[in-house]
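>>> Just a sequence and a predicted model for now, questions to come.
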Amino acid sequence: MTIKQTTIFSKWLENLKDKKGVSIIRRRLFNIEITNNLGDFKALGSNLFEMRFFVLMAIEFISLLRVMKLFFY
C-alpha cells in the first residue's frame with residue numbers, strides 16, 4: 001500500500017516536540033506500507049481513512065484532529 005501524506009500532516013509531524021511520538025507515528029506508517037494492515041482506523045469515504053493512535057504523549061489534540069487524515073491508494 002502506498003501512503004500519500006498531505007503537506008499539512010508532514011509539517012505537523014516535523015514540528016511535534018515529542019520525538020517518541022513522532023517515532024511511533026512514523027513506524028506505524030512504515031508498517032502499514034509493508035503489511036497493508038491499517039490497524040485501528042475508521043473509513044471516512046472513498047479511499048479516505050482516519051487512523052487512531054493511542055499513545056501517551058503531549059501533542060496538540062486540536063491540530064491532531066485536523067491533520068491525521070491520510071489518503072491511501
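Cool, the structure landed. Given the structure is predicted, the values throughout are model-derived calculations rather than measurements.
>>> Tell me which stretches of this structure form strands.
For the chain, the strands defined by DSSP state E cover 3-4, 41-45, 48-51, 69-72.
>>> Among these, which comes closest to Asp18?
Closest of the strands of the chain to Asp18 is strand 48-51, at 17.2 Å (criterion: Cβ to Cβ). Heads up, the C-betas are built off the backbone N, CA and C, glycines and all.
>>> Next, report how far the closest one is displaced from the centre of its chain.
In this view, strand 48-51 has its centroid 8 Å away from the chain centroid, taken as Cα atoms, centre = their mean, to the nearest Å.
>>> Neighbouring strands - and their directions - for it?
strand 41-45 (antiparallel), strand 69-72 (antiparallel) (DSSP bridges).
>>> what comes up buried for the helix ranked longest in the chain?
Identified as the longest helix of the chain according to DSSP state H is helix 19-35. Residues 21-22, 25, 29, 32 are the ones in helix 19-35 that count as buried (16 or more other Cβ atoms under 10 Å).
>>> Stretch 42-52 too?
Neighbour-count burial for stretch 42-52 [16+ other Cβ under 10 Å]: 49, 51.
>>> how much space is there between the residue lying farthest from the centre of the chain and Phe9?
The centre of the chain is farthest from one residue, Ser46, which by Cα atoms, centre = their mean lies 17.6 Å away. Distance of Ser46 to Phe9, given as Cβ to Cβ, to the nearest Å: 19 Å.
>>> again with Arg28
13 Å.
>>> same question, Met1
For Met1, the distance to Phe9 - Cβ to Cβ - is 16 Å.
>>> Those two: which has the busier surroundings?
Phe9 (18 against 11; other Cβ atoms under 10 Å).
>>> Any figure for the gap between that one and Leu16?
Taking Cβ to Cβ, one finds Phe9 at 11 Å from Leu16.
>>> Then Ile34?
23 Å.
>>> Low-confidence regions, the protein specifically.
By pLDDT under 70, the low-scoring segments of the chain are 54-73.
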